[in-house]
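K.L.:
quick one: sequence plus predicted model below, questions after.
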Amino acid sequence: MNALNTLFVLSPGAYVTKDHLNLVVTVEGEVRMRVPIHGLASVVCFGHVMMSPGAMGSAAANGVLVAFFSRTGRFVARVEGVGRGSLRLRRAQLRTSEDSAATREISRAIVLGKVANSRQLLLRRARETESPEASAELASAAGHLSRLVPSITRAETADEIRGYEGDAAARYFGAFGSCISAPGFQFEKRSRRPPRDPVNALLSFAYAILLNDCVAALQGVGLDSDAGFLHRDRPGRPSLGLDLMEELRSPFADRMVLALINRGQVTPSDFTAEPTGGVTLTATARREFLATYQTRKQEEVNHPFLKETVPWAVVPHLQARLLARHLRGDLDAYPPFTLR
């Protein structure tokens with residue numbers, strides 16, 4: 001697929017070659033796509049995808065960044081020609097992170113996206129649940145999130161926005177237990193280190209894998225995953241990766257966790273209580289989770305800014321590229337991902 005002037009090659013066994021001024025993608029000898037190289041900004045390859053030396057050299061010579069990722073989304077390598085501009089992009093990122101007004105606006109966009117997606121999940125579950133009490137609780141929480149939007153929009157500092165984000169998260173997770181219909185699962189509040197119940201164990205596992213995907217996407221585009229905007233810098237913390245993940249938690253990770261529980265794909269017996277008081281998934285449950293996660297990434301979703309249907313797997317990559325465009329000055333504002 002081709003979006004944001006980026007060629008995403010997802011088909012296993014695909015081979016990218018050069019034909020004059022075009023890049024050609026073939027799968028089992030069949031031409032799937034032919035793209036003029038002068039119209040590309042980057043090529044992103046997932047899994048067992050090969051690229052000929054000629055195609056790679058032509059990409060480098062024309063300023064087209066090439067990034068390789070494993071099948072599961074782990075960043076492997078980035079190939080770029082002389083003067084590609086990653087250093088300039090990182091300098092723009094660091095300058096922006098030290099600009100309080102610019103940091104405030106990016107943080108605002110991220111939090112508005114996160115709140116919109118959280119609200120959509122609550123409203124969807126309020127419609128689907130058979131419990132009137134649960135429906136009322138979910139609708140009430142969604143209403144609270146709606147009422148926060150004007151305050152987030154008017155906030156004058158990034159710290160104010162962080163405060164509203166904390167309020168929204170507390171209200172969202174306060175109602176999250178009402179999203180669960182399967183017997184044997186209870187959720188009272190979010191607990192992290194360690195997760196204290198099976199639902200929190202699933203959420204923490206999902207967020208850890210999603211964060212890895214977001215960090216990989218940022219690395220692929222040439223951004224520093226440690227220098228964030230909403231999340232303050234902290235040694236050893238991928239702050240920008242956490243920023244990018246915020247708007248994707250509810251529509252991707254949380255929905256998948258709820259589906260696994262409510263459809264009975266995981267049961268209370270799939271978890272182990274640790275002596276420290278934490279709860280972890282069994283090896284079998286982790287394999288089931290990872291298989292579902294990879295399947296979910298292949299499902300398609302409408303991208304609200306691009307007005308295109310794309311696989312979930314490329315959404316973090318598209319958002320990383322949109323953020324890079326904003327930092328370079330090509331976009332007036334960062335457009336968060338919101339699920340309709």
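P.N.:
Thanks, I have it.
K.L.:
hang on, Glu130 in a strand?
P.N.:
No - under DSSP: H, G, I helix; E, B strand; the rest coil, Glu130 sits outside any strand and is assigned coil.
K.L.:
run a quick neighbour tally on it.
P.N.:
Number of residues near Glu130 (other Cβ atoms under 10 Å) recorded here: 7. All C-beta atoms are positioned from the backbone trio N, CA, C, and that covers glycine.
K.L.:
helix, strand or coil for Val266?
P.N.:
Going by three-state DSSP: Val266 is coil.
K.L.:
need the phi and psi values for Glu308.
P.N.:
Here is the backbone geometry of Glu308 (degrees, to the nearest 10): phi -130, psi 150.
K.L.:
spell out the secondary structure type for Cys45.
P.N.:
strand.
K.L.:
partner residues bridging it?
P.N.:
Beta-bridge partners of Cys45, counted by DSSP bridges, are Val9, Phe68.
K.L.:
and the pLDDT at it?
P.N.:
Looking at Cys45, its pLDDT stands at 89.
K.L.:
same check, this time on Leu40
P.N.:
With respect to pLDDT, Leu40 scores 84.
K.L.:
my guess is it meets Val64, correct?
P.N.:
Yes - contact status for Leu40 versus Val64: in contact at 4.9 Å, counting by Cβ atoms under 8 Å.
K.L.:
how much space between Ala283 and Arg192?
P.N.:
22 Å (Cβ to Cβ, to the nearest Å).
K.L.:
please apply the same query to Arg78.
P.N.:
32 Å.
K.L.:
ok, those two, which is more surrounded?
P.N.:
Legend: neighbour count by other Cβ under 10 Å for Arg78 and Arg192, higher for Arg78 (18 against 11).
K.L.:
touching, the more buried one and Phe69? I think so.
P.N.:
No - Arg78 lies out of contact with Phe69 (Cβ under 8 Å); the separation is 10.0 Å.
K.L.:
find the residues that touch each one of the two.
P.N.:
Gly220 (Cβ atoms under 8 Å, 6 or more residues apart in numbering).
K.L.:
okay, helices next: where are they in the stretch 151-300 of the chain?
P.N.:
158-176, 198-221, 239-248, 255-262, 283-298 (DSSP state H, counting those that start in this stretch).
K.L.:
typo on my end, the stretch 1-150 of the chain
P.N.:
Along the stretch 1-150 of the chain, the stretches classed as helices by DSSP H, counting those that start in this stretch are 53-61, 86-97, 100-128, 132-154.
K.L.:
turn the ones you listed into a markdown table, including distance to Asp243.
P.N.:
Putting the helices of the stretch 1-150 of the chain into a markdown table (distance: least, Cβ to Cβ, whole Å) gives the following:
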| stretch | distance to Asp243 |
| --- | --- |
| helix 53-61 | 29 |
| helix 86-97 | 10 |
| helix 100-128 | 6 |
| helix 132-154 | 15 |
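K.L.:
okay if I get those helices as a markdown table plus mean neighbour count and mean pLDDT?
P.N.:
What follows is the helices of the stretch 1-150 of the chain, written out as a markdown table (neighbours: other Cβ atoms under 10 Å; pLDDT from 0 to 100):
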| stretch | mean neighbour count | mean pLDDT |
| --- | --- | --- |
| helix 53-61 | 16 | 91 |
| helix 86-97 | 15 | 89 |
| helix 100-128 | 21 | 96 |
| helix 132-154 | 16 | 96 |
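K.L.:
tell me which of the ones you listed sits nearest to Ala313.
P.N.:
Nearest to Ala313, of all the helices of the stretch 1-150 of the chain, is helix 100-128, at 17.9 Å by Cβ to Cβ.
K.L.:
give me the angle between the closest one and helix 255-262.
P.N.:
Interaxial angle of helix 100-128 relative to helix 255-262 (axes from the mean of the first three to the mean of the last three Cα atoms, to 10 degrees): 30 degrees.
K.L.:
mind giving me the packing neighbours of helix 100-128?
P.N.:
helix 86-97, helix 132-154, helix 158-176, helix 239-248 (3 or more Cβ pairs under 8 Å, 6 or more residues apart in numbering; DSSP states H and E).
K.L.:
work out the gap between the last one and the centre of the chain.
P.N.:
Okay, so that is helix 239-248. The chain centre lies 7 Å from the centre of helix 239-248; the measure is Cα atoms, centre = their mean, to the nearest Å.
K.L.:
not counting that helix itself, show me its contacts.
P.N.:
With contact meaning Cβ under 8 Å, 6+ apart, helix 239-248 is reached by 93, 106-107, 110-111, 113-114, 117, 165, 207, 210-211, 214-215, 217-218, 223-233, 315-316, 319-320, 323, 336-338.
K.L.:
out of those residues, which are buried?
P.N.:
With neighbours counted by 16 or more other Cβ atoms under 10 Å, the contacts of helix 239-248 contain buried members at 93, 106-107, 110-111, 113-114, 117, 165, 207, 210-211, 214-215, 217-218, 223-231, 315-316, 319-320, 323, 336-338.
K.L.:
low-confidence ranges in this protein?
P.N.:
1-4, 72, 82-85 (pLDDT under 70).
K.L.:
kindly provide the distance from the residue nearest to Ala60 when sequence neighbours are not counted to Pro194.
P.N.:
Setting aside the residues directly before and after it, Ala60 is nearest to Gly81 in space (Cβ to Cβ, 6 or more residues apart in numbering), at 3.5 Å. Distance of Gly81 to Pro194, given as Cβ to Cβ: 46 Å.
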